[in-house]
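Student: only the shape, not the letters, is given here:
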């Protein structure tokens, strides 16, 4: 098993670096409505984005975080829901300017139900058009170099299926951007710009990245 000291998590630093680069691209956060679909307690990047945007909506599946979210984000709309199931089953979702997808790594959800057993952002990324008026900034986590990967064969299988690649233990940034560019174009978007920022290092190797895509419907 991995020694957690091998991990360099850049939660605040990575988020601020991402925001700085988005500001350089002309993103005016104070005019934008934002939704985070994996809110947890909001102490990670949600608390940073919430101070910048016009409005913040937070979704979280676990009831235990409700009181803390309501306390810390009293001006935000808090919903305790299964985000992915809601997205898949509901065509009338809020229209937002920024969609934050602070997706977990590995598999998660109901271990006894294949239908409700989710992986990273794979189960909902193709549904983002439901949130979009004309333009949308989508920010999500991408793991290009998982650690302890051999311990999770089901995770590997899901990644190989999604990326259509059998070597998902060390995906290049170039491959990933090409993959997501093709995906979003297939979904009917033009890509205004895209950037990535390292969010977590493992043994000094960039492991998890923020990927940000500013998209416009064709």
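Tutor: Perfect, thanks for sending it. Owing to the predicted nature of the structure, the values given are computational and were not obtained by experimental measurement. Numbers count the residues shown, from 1 in each chain.
Student: show me the shaky parts of the chain.
Tutor: Counting by pLDDT under 70, the ranges of the chain that qualify are 1-4, 110-115.
Student: which residues of it fall in strands?
Tutor: 7-9, 33-36, 55-60, 77-80, 98-101, 107-109, 117-119, 135-143, 189-202, 205-217 (DSSP state E).
Student: quick one: closest of those to residue 158.
Tutor: Closest approach to residue 158 among the strands of the chain (C-beta to C-beta): strand 117-119, 4.2 Å. All C-beta spots, glycine's among them, are computed from the backbone N, C-alpha and C.
Student: so what are the sheet partners of that closest one and their directions?
Tutor: Sheet pairing of strand 117-119 (DSSP bridges) gives strand 107-109 (antiparallel).
Student: ok, now how distant is the nearest residue to residue 123 once chain neighbours are set aside from residue 162?
Tutor: Nearest non-adjacent residue to residue 123, counting by C-beta to C-beta, 6 or more residues apart in numbering: residue 84, 5.1 Å away. Residue 84 sits 14 Å away from residue 162, taking C-beta to C-beta, to the nearest Å as the criterion.
Student: same deal with residue 190?
Tutor: Between residue 190 and residue 162 the computed distance is 23 Å (C-beta to C-beta).
Student: out of the two, which sits in the more crowded spot?
Tutor: residue 162 (17 against 12; other C-beta atoms under 10 Å).
Student: how close does residue 129 get to residue 87?
Tutor: 11 Å.
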